[in-house]
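# Here is my input, please return the structure:
(2 chains)
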Amino acid sequence: VKFIILLCSLIFICTRANAHEPLYGFGPHVLFKDGFAPHVTVSGSDEVETEYSLGYGITKDLTFIGELPFQTKNGSYNFSGFNLKSKYRFWINNKPGVSYQAAFISKLELPSADEKPALLKLAFTGGQEALKFYWFVTGGYATVLSGKSTRLGNKIIANATIGYRPFKVDYYKPDIVFFIESLGTFYNKSINDDKRVSGSGGAGFEIAPTFFFTYRNYALRGGVKFDLTRSEFIKKNKTEYSLTFEVHL
Amino acid sequence: MKKIKILLILSTIFLNIIEISAKDFPDSVYVKADVDGLSCPFCAYGMEKKIGELEGVENLFISLDGFVTFNTAKKDKVGEKVLKNLIEDAGFTLRKVDYSKKPFKKIIKNKKEKEDENK
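Residues are numbered from 1 along each chain as shown, chains lettered A, B, ... in the order given. This is a model prediction of the structure:
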(Lines give C-alpha, C1' and ligand atoms only; values in the text may rest on other atoms or scores of the structure.)
Protein backbone atom coordinates (compact mmCIF):
# COMPACT_ATOMS: atom_id res chain seq x y z
CA VAL A 1 0.00 0.00 0.00
CA LYS A 2 2.85 2.32 0.89
CA PHE A 3 4.37 1.60 -2.49
CA ILE A 4 1.11 2.56 -4.19
CA ILE A 5 0.87 5.75 -2.14
CA LEU A 6 4.44 6.56 -3.09
CA LEU A 7 3.66 5.96 -6.73
CA CYS A 8 0.57 8.15 -6.41
CA SER A 9 2.73 10.97 -5.15
CA LEU A 10 5.26 10.38 -7.90
CA ILE A 11 2.57 10.50 -10.53
CA PHE A 12 2.02 14.14 -9.86
CA ILE A 13 3.80 15.95 -12.64
CA CYS A 14 3.20 19.63 -12.53
CA THR A 15 2.14 21.31 -15.75
CA ARG A 16 4.77 23.69 -16.99
CA ALA A 17 4.02 27.20 -18.06
CA ASN A 18 4.05 28.60 -21.54
CA ALA A 19 2.78 31.81 -23.07
CA HIS A 20 0.19 33.24 -20.68
CA GLU A 21 -0.57 30.15 -18.72
CA PRO A 22 -0.45 30.14 -14.97
CA LEU A 23 2.82 28.70 -13.68
CA TYR A 24 1.41 25.44 -12.29
CA GLY A 25 -1.99 25.28 -13.92
CA PHE A 26 -3.29 25.76 -17.44
CA GLY A 27 -4.46 28.77 -19.41
CA PRO A 28 -6.04 29.25 -22.85
CA HIS A 29 -3.44 31.54 -24.43
CA VAL A 30 -1.74 30.26 -27.59
CA LEU A 31 1.31 31.51 -29.47
CA PHE A 32 0.95 33.82 -32.44
CA LYS A 33 1.11 32.13 -35.86
CA ASP A 34 4.66 31.03 -36.77
CA GLY A 35 5.91 32.19 -33.37
CA PHE A 36 8.55 30.25 -31.44
CA ALA A 37 8.71 30.12 -27.66
CA PRO A 38 11.77 28.45 -26.15
CA HIS A 39 11.76 28.34 -22.40
CA VAL A 40 13.64 26.80 -19.54
CA THR A 41 12.16 25.91 -16.17
CA VAL A 42 13.94 25.07 -12.94
CA SER A 43 11.74 23.56 -10.27
CA GLY A 44 11.75 21.19 -7.36
CA SER A 45 12.00 20.83 -3.63
CA ASP A 46 14.72 18.36 -2.58
CA GLU A 47 15.47 17.27 -6.11
CA VAL A 48 15.84 19.79 -8.88
CA GLU A 49 14.19 19.33 -12.24
CA THR A 50 15.23 21.38 -15.25
CA GLU A 51 12.93 21.40 -18.22
CA TYR A 52 13.71 22.67 -21.71
CA SER A 53 10.71 23.42 -23.88
CA LEU A 54 9.97 24.71 -27.32
CA GLY A 55 6.57 25.93 -28.44
CA TYR A 56 5.51 26.70 -32.00
CA GLY A 57 2.38 28.45 -33.23
CA ILE A 58 1.20 26.33 -36.15
CA THR A 59 -1.85 28.49 -36.74
CA LYS A 60 -3.26 31.46 -34.87
CA ASP A 61 -5.28 29.00 -32.74
CA LEU A 62 -3.06 25.91 -32.52
CA THR A 63 0.21 25.61 -30.63
CA PHE A 64 2.44 22.58 -30.16
CA ILE A 65 4.95 22.36 -27.33
CA GLY A 66 7.70 19.80 -26.81
CA GLU A 67 9.22 19.46 -23.36
CA LEU A 68 12.41 17.73 -22.27
CA PRO A 69 12.68 17.38 -18.49
CA PHE A 70 15.96 16.52 -16.76
CA GLN A 71 16.26 15.53 -13.11
CA THR A 72 19.16 16.03 -10.76
CA LYS A 73 19.13 12.98 -8.52
CA ASN A 74 21.93 11.88 -6.17
CA GLY A 75 24.28 14.32 -7.84
CA SER A 76 23.66 13.05 -11.37
CA TYR A 77 21.80 14.80 -14.18
CA ASN A 78 19.32 12.46 -15.81
CA PHE A 79 17.07 12.72 -18.83
CA SER A 80 13.64 11.94 -17.45
CA GLY A 81 11.35 11.73 -20.45
CA PHE A 82 9.50 13.65 -23.13
CA ASN A 83 6.25 15.59 -23.01
CA LEU A 84 4.24 16.68 -26.01
CA LYS A 85 1.51 19.22 -25.55
CA SER A 86 -0.97 20.73 -27.96
CA LYS A 87 -3.37 23.53 -27.35
CA TYR A 88 -6.28 24.47 -29.59
CA ARG A 89 -8.07 27.72 -28.89
CA PHE A 90 -11.63 27.16 -30.06
CA TRP A 91 -13.17 30.41 -28.86
CA ILE A 92 -11.97 34.00 -28.54
CA ASN A 93 -13.81 37.22 -27.83
CA ASN A 94 -11.65 40.34 -27.95
CA LYS A 95 -12.85 43.66 -26.59
CA PRO A 96 -10.96 46.90 -25.87
CA GLY A 97 -8.33 46.02 -23.27
CA VAL A 98 -9.66 42.55 -22.56
CA SER A 99 -9.59 39.12 -24.15
CA TYR A 100 -11.82 36.15 -23.29
CA GLN A 101 -10.55 32.82 -24.54
CA ALA A 102 -11.20 29.10 -24.24
CA ALA A 103 -8.99 26.22 -25.35
CA PHE A 104 -8.69 22.46 -25.40
CA ILE A 105 -5.40 21.05 -24.17
CA SER A 106 -3.88 17.62 -24.58
CA LYS A 107 -0.62 16.60 -23.01
CA LEU A 108 1.20 13.32 -23.42
CA GLU A 109 3.83 12.61 -20.79
CA LEU A 110 6.29 9.85 -21.59
CA PRO A 111 8.73 9.42 -18.71
CA SER A 112 11.94 7.53 -19.28
CA ALA A 113 11.98 5.95 -15.82
CA ASP A 114 9.90 2.85 -15.14
CA GLU A 115 8.52 4.10 -11.84
CA LYS A 116 6.59 6.87 -13.56
CA PRO A 117 3.74 5.82 -15.83
CA ALA A 118 2.93 7.43 -19.16
CA LEU A 119 0.09 9.92 -18.82
CA LEU A 120 -2.40 11.51 -21.16
CA LYS A 121 -3.96 14.70 -19.87
CA LEU A 122 -6.99 16.24 -21.52
CA ALA A 123 -8.40 19.53 -20.31
CA PHE A 124 -10.67 22.43 -21.13
CA THR A 125 -9.49 25.80 -19.98
CA GLY A 126 -10.80 29.32 -20.30
CA GLY A 127 -10.55 32.75 -18.83
CA GLN A 128 -9.90 36.43 -19.13
CA GLU A 129 -6.79 38.48 -19.76
CA ALA A 130 -7.25 42.18 -19.14
CA LEU A 131 -5.27 45.29 -18.33
CA LYS A 132 -5.98 44.93 -14.60
CA PHE A 133 -7.41 41.49 -13.78
CA TYR A 134 -6.83 37.95 -14.95
CA TRP A 135 -8.72 34.76 -14.23
CA PHE A 136 -8.53 31.22 -15.55
CA VAL A 137 -10.44 28.04 -14.78
CA THR A 138 -9.54 24.53 -15.92
CA GLY A 139 -11.18 21.13 -15.73
CA GLY A 140 -9.40 18.05 -16.97
CA TYR A 141 -8.76 14.35 -16.79
CA ALA A 142 -5.46 12.47 -16.66
CA THR A 143 -5.39 8.87 -17.83
CA VAL A 144 -2.60 6.52 -16.85
CA LEU A 145 -1.45 4.78 -20.01
CA SER A 146 1.09 2.33 -18.62
CA GLY A 147 1.62 0.17 -15.56
CA LYS A 148 2.58 -3.35 -14.67
CA SER A 149 0.47 -5.46 -12.32
CA THR A 150 -0.64 -2.36 -10.43
CA ARG A 151 -2.02 0.51 -12.46
CA LEU A 152 -2.37 3.88 -10.82
CA GLY A 153 -5.77 5.50 -10.76
CA ASN A 154 -6.75 8.20 -13.20
CA LYS A 155 -6.98 11.78 -12.00
CA ILE A 156 -9.47 14.61 -12.28
CA ILE A 157 -7.87 18.05 -12.38
CA ALA A 158 -9.61 21.26 -11.33
CA ASN A 159 -7.68 24.53 -11.24
CA ALA A 160 -8.60 28.17 -10.73
CA THR A 161 -6.32 31.20 -10.98
CA ILE A 162 -6.77 34.90 -10.37
CA GLY A 163 -4.27 37.60 -11.31
CA TYR A 164 -3.80 41.29 -10.67
CA ARG A 165 -1.57 43.88 -12.36
CA PRO A 166 -0.75 46.59 -9.80
CA PHE A 167 0.80 49.12 -12.21
CA LYS A 168 -0.32 50.83 -15.40
CA VAL A 169 0.87 48.85 -18.36
CA ASP A 170 3.00 50.24 -21.18
CA TYR A 171 4.25 48.17 -24.11
CA TYR A 172 7.73 49.67 -23.94
CA LYS A 173 8.19 49.24 -20.19
CA PRO A 174 8.58 46.23 -17.89
CA ASP A 175 5.38 44.70 -16.63
CA ILE A 176 4.43 42.51 -13.69
CA VAL A 177 1.30 40.53 -12.82
CA PHE A 178 0.74 38.63 -9.56
CA PHE A 179 -1.30 35.42 -9.46
CA ILE A 180 -2.84 33.12 -6.91
CA GLU A 181 -3.31 29.63 -8.27
CA SER A 182 -5.42 27.00 -6.59
CA LEU A 183 -4.88 23.44 -7.76
CA GLY A 184 -7.13 20.52 -6.99
CA THR A 185 -6.51 16.90 -7.97
CA PHE A 186 -8.87 13.99 -7.35
CA TYR A 187 -7.22 10.56 -7.57
CA ASN A 188 -9.16 7.44 -8.48
CA LYS A 189 -8.24 4.20 -6.79
CA SER A 190 -5.40 2.19 -8.24
CA ILE A 191 -6.12 -1.07 -10.06
CA ASN A 192 -4.35 -4.32 -9.24
CA ASP A 193 -5.27 -7.38 -11.33
CA ASP A 194 -8.54 -5.72 -12.37
CA LYS A 195 -9.42 -5.02 -8.73
CA ARG A 196 -9.48 -1.66 -7.04
CA VAL A 197 -6.84 -1.22 -4.37
CA SER A 198 -8.66 -0.20 -1.20
CA GLY A 199 -5.75 1.74 0.28
CA SER A 200 -5.45 4.16 -2.61
CA GLY A 201 -7.13 7.23 -4.08
CA GLY A 202 -8.11 10.52 -2.52
CA ALA A 203 -7.82 14.22 -3.16
CA GLY A 204 -5.24 16.94 -2.83
CA PHE A 205 -5.40 20.72 -2.85
CA GLU A 206 -2.52 23.10 -3.32
CA ILE A 207 -2.12 26.84 -3.51
CA ALA A 208 0.59 28.77 -5.32
CA PRO A 209 1.37 32.49 -5.25
CA THR A 210 3.20 33.28 -8.47
CA PHE A 211 4.44 36.28 -10.43
CA PHE A 212 4.81 36.98 -14.14
CA PHE A 213 7.42 39.61 -15.03
CA THR A 214 7.85 40.61 -18.67
CA TYR A 215 9.77 43.04 -20.78
CA ARG A 216 8.62 43.03 -24.41
CA ASN A 217 9.19 39.44 -25.59
CA TYR A 218 11.10 38.26 -22.52
CA ALA A 219 9.30 36.72 -19.56
CA LEU A 220 10.36 35.53 -16.16
CA ARG A 221 7.86 33.83 -13.93
CA GLY A 222 8.23 32.17 -10.60
CA GLY A 223 6.33 30.92 -7.64
CA VAL A 224 6.02 28.55 -4.73
CA LYS A 225 3.45 25.79 -4.43
CA PHE A 226 2.19 24.80 -0.98
CA ASP A 227 0.28 21.68 -0.14
CA LEU A 228 -2.90 22.75 1.67
CA THR A 229 -4.62 19.48 2.37
CA ARG A 230 -4.65 15.81 1.43
CA SER A 231 -7.40 13.32 2.02
CA GLU A 232 -7.49 9.55 2.21
CA PHE A 233 -4.33 7.88 0.91
CA ILE A 234 -2.62 10.70 -0.91
CA LYS A 235 0.80 11.57 0.41
CA LYS A 236 1.44 15.22 1.11
CA ASN A 237 3.68 16.93 -1.44
CA LYS A 238 6.67 18.97 -0.37
CA THR A 239 6.66 22.70 -1.00
CA GLU A 240 7.89 23.24 -4.53
CA TYR A 241 9.43 26.31 -6.09
CA SER A 242 9.52 26.99 -9.81
CA LEU A 243 11.21 29.56 -12.02
CA THR A 244 10.72 29.87 -15.78
CA PHE A 245 12.45 32.03 -18.34
CA GLU A 246 10.74 32.33 -21.71
CA VAL A 247 11.30 34.21 -24.94
CA HIS A 248 8.88 34.77 -27.81
CA LEU A 249 10.53 34.83 -31.20
CA MET B 1 37.15 84.41 -49.72
CA LYS B 2 36.98 81.19 -51.69
CA LYS B 3 37.16 79.21 -48.47
CA ILE B 4 34.28 81.15 -46.99
CA LYS B 5 32.16 80.44 -50.09
CA ILE B 6 32.90 76.71 -49.83
CA LEU B 7 32.03 76.77 -46.13
CA LEU B 8 28.75 78.56 -46.87
CA ILE B 9 27.82 76.05 -49.57
CA LEU B 10 28.69 73.09 -47.33
CA SER B 11 26.74 74.49 -44.38
CA THR B 12 23.71 75.12 -46.66
CA ILE B 13 23.84 71.51 -47.89
CA PHE B 14 24.22 70.25 -44.31
CA LEU B 15 21.26 72.30 -43.05
CA ASN B 16 19.12 71.09 -45.97
CA ILE B 17 19.93 67.48 -45.13
CA ILE B 18 18.89 68.09 -41.51
CA GLU B 19 15.66 69.73 -42.68
CA ILE B 20 14.78 66.83 -44.99
CA SER B 21 15.45 64.21 -42.31
CA ALA B 22 13.45 66.16 -39.76
CA LYS B 23 10.41 66.29 -42.03
CA ASP B 24 7.80 63.57 -41.85
CA PHE B 25 7.97 61.00 -44.58
CA PRO B 26 6.30 62.90 -47.44
CA ASP B 27 5.53 59.85 -49.58
CA SER B 28 4.35 57.72 -46.70
CA VAL B 29 0.91 56.73 -45.69
CA TYR B 30 0.30 56.75 -41.96
CA VAL B 31 -1.75 53.92 -40.56
CA LYS B 32 -3.59 53.71 -37.25
CA ALA B 33 -5.25 50.42 -36.42
CA ASP B 34 -7.57 50.17 -33.43
CA VAL B 35 -7.10 46.72 -31.94
CA ASP B 36 -9.27 44.78 -29.48
CA GLY B 37 -7.81 42.31 -26.99
CA LEU B 38 -4.60 44.19 -26.28
CA SER B 39 -4.04 43.63 -22.59
CA CYS B 40 -0.39 42.85 -22.01
CA PRO B 41 3.02 43.68 -23.53
CA PHE B 42 4.16 40.07 -23.79
CA CYS B 43 1.31 39.07 -26.10
CA ALA B 44 1.44 42.37 -28.01
CA TYR B 45 4.91 41.40 -29.18
CA GLY B 46 3.28 38.95 -31.61
CA MET B 47 1.55 41.86 -33.30
CA GLU B 48 4.80 43.82 -33.52
CA LYS B 49 6.38 40.84 -35.19
CA LYS B 50 3.53 40.18 -37.61
CA ILE B 51 3.10 43.82 -38.72
CA GLY B 52 6.87 44.29 -38.74
CA GLU B 53 7.07 41.56 -41.39
CA LEU B 54 5.25 43.86 -43.83
CA GLU B 55 7.54 45.40 -46.41
CA GLY B 56 8.35 49.05 -45.82
CA VAL B 57 6.84 49.40 -42.33
CA GLU B 58 8.56 52.11 -40.29
CA ASN B 59 8.10 53.73 -36.89
CA LEU B 60 5.86 51.00 -35.57
CA PHE B 61 4.31 52.09 -32.30
CA ILE B 62 2.10 49.95 -30.10
CA SER B 63 -0.08 51.40 -27.37
CA LEU B 64 -1.85 49.20 -24.86
CA ASP B 65 -4.59 51.83 -24.93
CA GLY B 66 -5.67 49.73 -27.91
CA PHE B 67 -4.02 50.86 -31.11
CA VAL B 68 -0.97 50.49 -33.32
CA THR B 69 0.48 53.13 -35.63
CA PHE B 70 3.14 53.03 -38.31
CA ASN B 71 3.99 54.56 -41.65
CA THR B 72 4.99 53.01 -44.92
CA ALA B 73 5.83 54.07 -48.44
CA LYS B 74 4.34 50.81 -49.73
CA LYS B 75 0.75 51.97 -49.62
CA ASP B 76 -0.54 49.00 -51.59
CA LYS B 77 0.81 46.54 -48.97
CA VAL B 78 -1.28 47.71 -46.04
CA GLY B 79 -4.86 47.19 -47.10
CA GLU B 80 -7.46 46.58 -44.42
CA LYS B 81 -7.76 42.89 -45.26
CA VAL B 82 -4.00 42.36 -44.95
CA LEU B 83 -3.90 44.14 -41.61
CA LYS B 84 -6.94 42.24 -40.35
CA ASN B 85 -5.29 38.88 -41.11
CA LEU B 86 -1.97 39.86 -39.54
CA ILE B 87 -3.60 41.16 -36.38
CA GLU B 88 -5.76 38.03 -36.11
CA ASP B 89 -2.66 35.84 -36.58
CA ALA B 90 -1.27 37.56 -33.50
CA GLY B 91 -4.42 36.76 -31.52
CA PHE B 92 -6.18 40.13 -31.66
CA THR B 93 -9.10 41.70 -33.50
CA LEU B 94 -8.94 44.69 -35.81
CA ARG B 95 -11.78 47.07 -34.93
CA LYS B 96 -11.01 49.99 -37.23
CA VAL B 97 -8.20 51.20 -39.47
CA ASP B 98 -7.48 54.80 -40.47
CA TYR B 99 -5.09 56.08 -43.13
CA SER B 100 -3.66 59.57 -43.15
CA LYS B 101 -1.03 61.79 -44.72
CA LYS B 102 -0.08 63.04 -41.26
CA PRO B 103 1.50 61.05 -38.44
CA PHE B 104 -1.08 59.74 -35.98
CA LYS B 105 1.29 60.01 -33.04
CA LYS B 106 1.25 63.80 -33.53
CA ILE B 107 -2.53 63.83 -33.82
CA ILE B 108 -2.84 61.78 -30.65
CA LYS B 109 -0.31 63.97 -28.85
CA ASN B 110 -2.07 67.18 -29.94
CA LYS B 111 -5.42 65.75 -28.93
CA LYS B 112 -4.10 64.88 -25.47
CA GLU B 113 -2.53 68.33 -25.09
CA LYS B 114 -5.82 70.00 -26.03
CA GLU B 115 -7.66 67.80 -23.57
CA ASP B 116 -5.16 68.74 -20.84
CA GLU B 117 -5.57 72.43 -21.68
CA ASN B 118 -9.36 72.16 -21.45
CA LYS B 119 -9.01 70.55 -18.04
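# contacts and neighbour counts: CA atoms only from here.
Noted.
# Low-confidence regions, chain B specifically.
B:1, B:7-8, B:10-26, B:105-119 (pLDDT under 70).
# any chance you could map the helices in it?
Applying DSSP state H to chain B gives helices spanning B:2-22, B:41-52, B:80-89, B:104-118.
# Can you give the distance from the second one to the centre of its chain?
What it means is helix B:41-52. Between the centre of helix B:41-52 and the centre of its chain there are 15 Å (Cα atoms, centre = their mean, to the nearest Å).
# What lies in contact with it?
With Cα atoms under 8 Å, 6 or more residues apart in numbering or on different chains as the test, helix B:41-52 has contacts from A:19, A:31-32, A:35, A:169-172, A:175, A:214-219, A:248, B:38, B:57, B:60, B:62, B:64, B:83, B:86-87, B:89-90.
# Looking at those residues, which are in strands?
The strands, defined by DSSP state E, take in A:175, A:214, A:215, A:218, A:219, B:57, B:60, B:62 from the contacts of helix B:41-52.
# The nearest residue to the third one once chain neighbours are set aside and residue A:117: what is the separation?
When the adjacent residues along the chain are set aside, residue A:215 lies closest to residue A:174, with 4.5 Å between them (Cα to Cα, 6 or more residues apart in numbering or on different chains). Remark: distance between residue A:174 and residue A:117 (Cα to Cα, to the nearest Å) = 41 Å.
# More neighbours: which of the two?
For residue A:174 and residue A:117, the more surrounded residue by other Cα atoms under 10 Å in any protein chain shown is residue A:117, and the numbers stand at 22 against 15.
# Excluding sequence neighbours, find me the nearest residue to the more buried one.
Excluding the flanking residues, the one nearest residue A:117 by Cα to Cα, 6+ apart is residue A:146, at 5.2 Å.
# give me every residue that touches that neighbour.
A:117, A:118, A:119.
# Nearest to chain B among these?
residue A:119 (30.0 Å; Cα to the nearest Cα).
# That closest one pairs with what?
residue A:109, residue A:144 (DSSP bridges).
# Help me confirm that it comes into contact with residue A:143.
Yes - taking Cα atoms under 8 Å as the definition, residue A:119 is a contact partner of residue A:143 at 5.7 Å.
# Between those two, tell me which one has more neighbours.
More crowded of residue A:119 and residue A:143, by other Cα under 10 Å: residue A:119, with 20 against 17.
# Now name the helix or strand holding the closest residue to residue A:210 other than its chain neighbours.
Nearest residue to residue A:210, sequence neighbours excluded (Cα to Cα, 6+ apart): residue A:223, at 4.0 Å. Assessed by DSSP states H and E, residue A:223 sits inside strand A:218-232.
# for the record, mean pLDDT for that strand?
For strand A:218-232, the mean per-residue pLDDT is 87.
# For residue A:85, list the residues it contacts.
Contacts of residue A:85 by Cα under 8 Å, 6+ apart are A:64, A:65, A:66, A:105, A:106, A:107, A:108.
# Surely the first one is in a strand?
Yes - assessed by DSSP: H, G, I helix; E, B strand; the rest coil, residue A:64 belongs to a strand.
# Residues of chain A that sit close to chain B?
A:19, A:31-33, A:35, A:59-61, A:93-99, A:129-131, A:169-172, A:175, A:214-219, A:248 (Cα under 8 Å from any Cα of the partner chain).
# And the residue nearest to the spatial centre of chain B, how far from residue B:93?
The residue lying closest to the centre of chain B (Cα atoms, centre = their mean) is residue B:70, at 2.7 Å. Distance of residue B:70 to residue B:93, computed by Cα to Cα: 17 Å.
# How about residue A:212?
24 Å.
# Compare those two and say which one has the larger neighbour count.
Set side by side, residue A:212 and residue B:93 show more neighbours around residue B:93, with 25 against 21, by other Cα under 10 Å.
# how about the nearest residue to that one, chain neighbours excluded?
residue B:36 (5.1 Å).
# The one you found is in contact with residue B:95, isn't it?
Yes - assessed by Cα under 8 Å, residue B:36 is found in contact with residue B:95 at 6.4 Å.
# So between these two, which is more surrounded?
Taking other Cα under 10 Å, residue B:36 and residue B:95 do not tie; residue B:36 has more neighbours (24 against 15).
# mind listing what the more buried one touches?
Residue B:36 neighbours (Cα under 8 Å, 6+ apart): A:94, A:95, A:96, A:97, A:98, A:99, B:66, B:92, B:93, B:94, B:95.
# go again using 10 Å as the cut-off
Shown in contact with residue B:36 (Cα atoms under 10 Å, 6 or more residues apart in numbering or on different chains): A:93-99, B:64-67, B:87, B:91-96.
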